[in-house]
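K.L.:
the amino acid sequence is not available; the structure is as follows:
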């Protein structure tokens, strides 16, 4: 990812991963430092990103860059799908419960265009709550969601793995 400048689409994806909680500043801090060192005249948003650990501020900086001139058209549905995929990866890593995944994905797709409507997630949430959080139903539902979102889950997983060396470098450098 360092061999070229970050695209606006990549900035949106990074902001989505931050918004979903899949990554945090520890994942991007050393990446931004290396990115700045490679550029003769780093953009202001990149310099500001290097100076913030605050998630909402980082998301704002990434979005400000992505939605600046010259404007580019983005697939809003893909962005929402990426949020769902990032949440699914968090679920797979046991960072969040299945009910949390369903609620977060439903809330995010409510009012946003996605490959499925928010009701898809809310109905599953109702079913899992009504079953008293049946593990059998959870496995069935998670398998269904994975099948529906496999392509985007694999894409986000690949992007997530690109940031793992920077997380390790951050942890070694700052002992965090």
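P.N.:
Great, that's in hand. Source: prediction; values computed, not measured.
K.L.:
could you pull out the strands for this structure?
P.N.:
Counting by DSSP state E, the chain has no strands to list.
K.L.:
how about the longest helix anywhere in it: buried residues?
P.N.:
Counting residues, the longest helix in the chain under DSSP state H turns out to be helix 135-174. Buried residues in helix 135-174, counted by 16 or more other Cβ atoms under 10 Å: 137-138, 141-142, 145, 149, 152-153, 155-156, 159-160, 163, 166-167, 169-170. Using the backbone N, CA and C atoms, a C-beta is placed for each residue, glycine as well.
K.L.:
ok, and what's touching stretch 154-170?
P.N.:
Applying Cβ atoms under 8 Å, 6 or more residues apart in numbering, the contact partners of stretch 154-170 are 1, 13-14, 17, 22-23, 26-31, 34, 82, 85-86, 89, 176.
K.L.:
what subset of those residues is buried?
P.N.:
13-14, 17, 22-23, 26-31, 82, 85-86, 89.
K.L.:
which two among those residues are spaced furthest apart?
P.N.:
30 and 85 (24.0 Å; Cβ to Cβ).
K.L.:
any low-confidence regions in the protein?
P.N.:
Low-confidence segments of the chain, defined by pLDDT under 70: 1-3, 176.
K.L.:
let's go with 50 and repeat that
P.N.:
Along the chain, no part satisfies pLDDT under 50.
K.L.:
that one - how does it break down into domains?
P.N.:
8-74+162-174, 76-155 (automatic domain parsing).
K.L.:
residues near residue 118, how many?
P.N.:
Per other Cβ atoms under 10 Å, the neighbour tally for residue 118 reads 17.
K.L.:
which residue is the nearest non-sequential neighbour of it?
P.N.:
Excluding the flanking residues, the one nearest residue 118 by Cβ to Cβ, 6 or more residues apart in numbering is residue 110, at 3.8 Å.
K.L.:
so that neighbour makes contact with residue 116?
P.N.:
No. Between residue 110 and residue 116 there is no contact under Cβ atoms under 8 Å: 11.4 Å.
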